[in-house]
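**Student:** just a sequence and a predicted model for now, questions to come.
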Amino acid sequence: MYEQLRAEHGPVAPALLHEDVPIWVVLGHSENMHMLRTPSQFTRDTRLFTSMQDGTVKPDHPLMPIFAWQPICCHAEGDEHLRLRGAVTGAMTTIDHRGIRRHISRATQELVNKFCEEGRADLVSQFAEYLPMAVMCEIFGMSEEYNDRIVHAARDMLKGTETAISSNEYIMDVLMRLTARRRAEPEDDFTSHLINHPARLTDEEVGQHLRVVLIVSYEATANLIANVLRVVLTDPRFRAQLKGGQMTVPEAVEQSLWDEPPFSTIFPYVAKQETELGGQRIRKGDGLILGIAPGNVDPRVRPDLKANMQGNRSHLAFSGGPHECPGQDIGRAIADVGVDALLARLPDVQLACEEDELRWRSSIMNRHLVDLPVKFAPKPQQDVMQRPSIKPASQQRAANWQVSSPKPQPTAAEAAAPVPVATPEPARRPGLFRRLLRWWRGD
């Protein structure tokens with residue numbers, strides 16, 4: 001669809017959302033970056049959106065949880081944006097990243113323990129959809145709220161379904177109760193630091209910022225994990241690069257952010273004045289969609305879609321400009337550590353169906369796998385508090401993440417033949433840098 005729009009209209013195309021709400025879809029990479037980096041012309045303040053002002057977007061519109069203005073940094077500008085975003089980024093600086101990585105690893109082991117003895121699993125519903133929520137609940141200081149209901153509500157509220165509004169209400173109830181508890185009894189967690197930041201956020205502001213951080217982090221990371229695992233299991237080239245050490249799991253994650261960004265769009269942006277973008281006349285109050293997925297494959301910046309994008313972070317997966325995602329490093333850490341630990345526990349994992357049998361669910365904001373069935377040799381459970389007895393998958397150069405045919409057995413003559421013993425090489429003399437380092441230490 002994006003390519004049809006690009007072919008017909010160029011880098012900016014007119015379209016309609018649910019219930020015929022008019023919107024511009026920004027398809028070009030440079031046009032998206034211009035919109036993100038020009039707050040004098042484009043804003044996230046949805047109160048300026050003409051379709052909200054004239055009643056085209058009705059109160060029961062399925063995208064109302066996304067359209068509705070909220071007292072959060074995503075919808076603010078100027079000094080108010082600096083105050084609110086400063087509180088969020090300030091609270092994020094208090095996160096113990098080393099401790100969170102340990103928690104990600106433990107949470108991964110706990111999830112794998114639930115299905116490792118069966119030899120089969122669905123890595124979407126049993127892993128990718130649960131790991132990010134387990135980690136975010138720990139970061140927020142509400143691990144007791146981690147359950148099936150909050151996982152399902154978080155995924156449902158972005159689908160634009162009839163139950164999206166009630167799912168949003170449930171999430172907000174959880175977060176407002178958490179805000180009240182931490183206001184009375186602060187602890188060393190993200191929520192308490194957000195409440196106690198010098199910006200002095202109100203309870204409503206705290207709850208709304210918790211919601212946007214939770215939902216965006218959860219949805220983006222769940223999709224990212226599923227996408228990376230699918231490519232590992234279905235793309236021989238991708239798998240061979242990981243197995244052979246030419247690509248690390250973090251590099252695989254970055255490649256996935258180019259090819260299959262967790263959010264395909266973010267909206268609405270609103271034109272603050274009449275302007276021109278991508279050859280189109282944009283009127284004041286017009287809504288625009290940040291086209292992450294089409295921007296990432298813009299042929300002007302990426303003529304060869306098979307090209308390796310390792311080390312290139314100029315994708316749009318985390319937006320950009322003043323509203324660039326402040327929690328992107330947390331999302332990367334959950335995907336990096338979670339995928340690495342899973343592949344280390346299940347080195348023989350393989351897809352349990354044909355690739356063309358995989359099912360997808362699409363919405364205006366993203367496209368994600370419905371399930372990812374896999375099979376593997378049954379494994380015993382592990383003590384999640386102990387250090388893993390095997391190296392991370394990124395260090396297992398010989399690991400093969402798909403069951404291969406058995407190696408040919410040696411003949412009787414080959415088995416009886418003496419095994420040559422290699423002569424040990426003389427120890428290498430340390431390099432200049434190491435000798436200087438030893439001299440400096442006094443070794």
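**Tutor:** That came through fine. Residues are numbered from 1 along each chain as shown.

**Student:** which element is encountered next along the chain beyond the helix ranked longest in the chain?
**Tutor:** Counting residues, the longest helix found in the chain (DSSP state H) is helix 203-234. The element immediately downstream of helix 203-234 (helix or strand, assigned by DSSP states H and E) is helix 236-244.

**Student:** next SSE after that following helix?
**Tutor:** Heading C-terminal from helix 236-244, the first helix or strand you meet, by DSSP H and E, is helix 249-259.

**Student:** report the buried residues of the helix or strand harbouring residue 337.
**Tutor:** In the assignment (DSSP H and E), residue 337 maps to helix 328-345. Of all the residues in helix 328-345, those buried under the rule 16 or more other CB atoms under 10 Å are 328, 330-345. Every residue, glycine included, has its C-beta placed from N, CA and C.

**Student:** which stretches of the stretch 251-400 of the chain have low pLDDT?
**Tutor:** Scanning the stretch 251-400 of the chain for pLDDT under 70 picks out the ranges 386-400.

**Student:** what segments of it are helices?
**Tutor:** Per DSSP state H, counting those that start in this stretch, the stretch 251-400 of the chain carries helices over the ranges 292-296, 328-345.

**Student:** which of these sits closest to residue 279?
**Tutor:** When the helices of the stretch 251-400 of the chain are ranked by distance to residue 279, counting by CB to CB, first place goes to helix 292-296 at 15.7 Å.

**Student:** give me the contacts around the closest one.
**Tutor:** 2-3, 5-6, 25-29, 31-32, 258-261, 263-266, 302, 315-317, 319, 367 (CB atoms under 8 Å, 6 or more residues apart in numbering).

**Student:** buried ones among those?
**Tutor:** Buried, going by 16+ other CB under 10 Å: 2, 5-6, 25-29, 31-32, 258-261, 263-266, 302, 315-317, 319, 367, out of the contacts of helix 292-296.

**Student:** ok, the residue lying closest to residue 194 once chain neighbours are set aside to residue 68 distance?
**Tutor:** In space, and not counting its chain neighbours, residue 194 is closest to residue 91: 4.1 Å by CB to CB, 6 or more residues apart in numbering. Residue 91 sits 24 Å away from residue 68, going by CB to CB, to the nearest Å.

**Student:** and what of residue 142?
**Tutor:** Distance, residue 142 to residue 68, using CB to CB: 24 Å.

**Student:** more neighbours: which of those two?
**Tutor:** When neighbours are counted by other CB atoms under 10 Å, residue 142 and residue 68 differ, and residue 142 comes out ahead with 22 against 15.

**Student:** quick check: closest non-adjacent residue to that one.
**Tutor:** In space, residue 142 is closest to residue 178, 5.0 Å off (CB to CB, 6+ apart).

**Student:** secondary structure class for the one you found?
**Tutor:** helix (DSSP: H, G, I helix; E, B strand; the rest coil).

**Student:** in contact with it, which residues?
**Tutor:** Applying CB under 8 Å, 6+ apart, the residues contacting residue 178 are 140-142, 145, 191, 210.

**Student:** one more: residue 199?
**Tutor:** Contact analysis of residue 199 by CB under 8 Å, 6+ apart lists 83-84, 86-87, 90.

**Student:** present these as TSV; the columns should include neighbour count, pLDDT and secondary structure.
**Tutor:** As requested, the contacts of residue 199 are exported to TSV (neighbours: other CB atoms under 10 Å; pLDDT from 0 to 100; DSSP: H, G, I helix; E, B strand; the rest coil):
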residue	neighbour count	pLDDT	secondary structure
83	17	96	helix
84	22	96	helix
86	14	96	helix
87	23	96	helix
90	15	96	helix
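
**Student:** closest to residue 310 among these?
**Tutor:** Lowest distance from residue 310 to the contacts of residue 199 (CB to CB) belongs to residue 90, with 32.3 Å.

**Student:** so that closest one sits against residue 193, correct?
**Tutor:** Yes: Residue 90 lies in contact with residue 193 (CB atoms under 8 Å); the separation is 7.2 Å.

**Student:** restrict stretch 184-200 to CA atoms and write it as PDB.
**Tutor:** In PDB, the C-alpha atoms belonging to stretch 184-200 read as follows (Å, rounded to 0.1, in the frame of the first residue of the first chain):
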ATOM      1  CA  ALA A 184       2.800   8.200  49.900                       C
ATOM      2  CA  GLU A 185       5.700   5.700  50.100                       C
ATOM      3  CA  PRO A 186       8.400   6.400  47.500                       C
ATOM      4  CA  GLU A 187      11.000   3.700  46.700                       C
ATOM      5  CA  ASP A 188      14.000   3.500  44.400                       C
ATOM      6  CA  ASP A 189      12.100   3.000  41.100                       C
ATOM      7  CA  PHE A 190      11.200   4.900  38.000                       C
ATOM      8  CA  THR A 191       7.800   5.900  39.300                       C
ATOM      9  CA  SER A 192       9.100   7.400  42.500                       C
ATOM     10  CA  HIS A 193      11.900   9.300  40.700                       C
ATOM     11  CA  LEU A 194       9.300  10.700  38.200                       C
ATOM     12  CA  ILE A 195       7.100  11.900  41.100                       C
ATOM     13  CA  ASN A 196      10.000  13.400  43.000                       C
ATOM     14  CA  HIS A 197      11.600  15.200  40.100                       C
ATOM     15  CA  PRO A 198      12.000  19.000  40.500                       C
ATOM     16  CA  ALA A 199       9.500  19.500  37.700                       C
ATOM     17  CA  ARG A 200       6.800  18.600  40.300                       C
END
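
**Student:** centre of the chain to that stretch, how far?
**Tutor:** Relative to its parent chain, stretch 184-200 has a centroid offset of 25 Å by CA atoms, centre = their mean, to the nearest Å.

**Student:** in that stretch, what's buried?
**Tutor:** 189-197, 199.

**Student:** let's have those residues in TSV, adding secondary structure, pLDDT and distance to residue 272.
**Tutor:** Formatted as TSV, the buried residues of stretch 184-200 follow (DSSP: H, G, I helix; E, B strand; the rest coil; pLDDT from 0 to 100; distance: CB to CB, whole Å):
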residue	secondary structure	pLDDT	distance to residue 272
189	coil	96	37
190	helix	97	32
191	helix	97	33
192	helix	97	36
193	helix	97	33
194	helix	97	29
195	helix	97	32
196	coil	97	34
197	coil	97	29
199	coil	96	25
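
**Student:** want to throw those residues into JSON lines with distance to residue 310?
**Tutor:** Output for those, formatted as JSON lines (distance: CB to CB, whole Å):
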{"residue": "189", "distance to residue 310": "35"}
{"residue": "190", "distance to residue 310": "31"}
{"residue": "191", "distance to residue 310": "36"}
{"residue": "192", "distance to residue 310": "38"}
{"residue": "193", "distance to residue 310": "34"}
{"residue": "194", "distance to residue 310": "35"}
{"residue": "195", "distance to residue 310": "40"}
{"residue": "196", "distance to residue 310": "40"}
{"residue": "197", "distance to residue 310": "37"}
{"residue": "199", "distance to residue 310": "38"}
